[in-house]
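Colleague: fold the following, please.
(one chain, ligands or ions: 1)
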Amino acid sequence: MADHIRIRGARTHNLAGLDLDIPRDQLVVIVGVSGSGKSSLVFDTIAAEAGYQLNETYPPFVRNRLPHWSRPDVDLIEGLSPVIVIDQKRIGGNARSTVGTITDTWAYLRLIWSRLSEPHVGESNRFSFNDAHGMCPTCSGLGEVVQVALDRLLDLDRSLVEGAIRLPGYGLQPVLVPAARRRCRIRC
Ligand SMILES: [Zn+2]
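Modeller: Numbers count the residues shown, from 1 in each chain. Here you go, the predicted structure:
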């Protein structure tokens, strides 16, 4: 497998015959001012060609039912593998979201496991950390446990007067009584 995606002479939209090698199997971030061609390169060149190449591997019957990818205007592009395109919309995630849930690949993985697992389970929901039967009993599938750090709250070796309560504002502190306002009796 190639270790780079090689692109030569990319002319999609406003790209001016761009030559580029993008390392594979790494997180690569493409930045640039608005209109510089980031989307033309990532979505309309790389993803389009990868989608086109993947569709070519299917028989026409399947191909007609898949999203249609038109080939980008590029001299050469190689080192591609199937791509997952996540659009630029804001992702409405929560504490239970992962890359898997947001891209929907998680649903397919659960399906594979439910079909191929030994012992056989059969229900893909049983492999979900959001399902009562599938989730980790310790963290309820959240991946982390929130607990009160009692030792940071209390020093059990001290009495209350000695400052056992460590939480700022809750210990025994001298109480400052605001001075009462006195009215001026001379001039009023
Ligand atoms: Zn857990």
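Colleague: now do the helices in this structure.
Modeller: Taking DSSP state H, the helices of the chain run over residues 38-41, 48-56, 60-63, 99-103, 105-116, 150-153.
Colleague: which stretches in this protein count as strands?
Modeller: With DSSP state E as the definition, the chain shows strands at residue ranges 4-10, 18-23, 74-78.
Colleague: kindly export the helix or strand of the chain with the lowest mean pLDDT (C-alpha atoms) in CSV.
Modeller: Of all helical and strand segments in the chain, the minimum by mean pLDDT, DSSP states H and E falls on helix 60-63, at a mean of 80. C-alpha atoms of helix 60-63 as CSV (Å, rounded to 0.1, in the frame of the first residue of the first chain):
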residue,chain,number,x,y,z
PRO,A,60,-23.9,-1.7,-12.7
PHE,A,61,-27.0,-2.8,-10.7
VAL,A,62,-25.4,-1.8,-7.4
ARG,A,63,-23.6,1.2,-8.9
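Colleague: how far off centre is that helix?
Modeller: How far helix 60-63 lies from its chain's middle: 32 Å, per Cα atoms, centre = their mean, to the nearest Å.
Colleague: next: stretch 41-49.
Modeller: From the chain centre to the centre of stretch 41-49 is a distance of 21 Å (Cα atoms, centre = their mean).
Colleague: try stretch 153-172
Modeller: With Cα atoms, centre = their mean, you get 40 Å for stretch 153-172.
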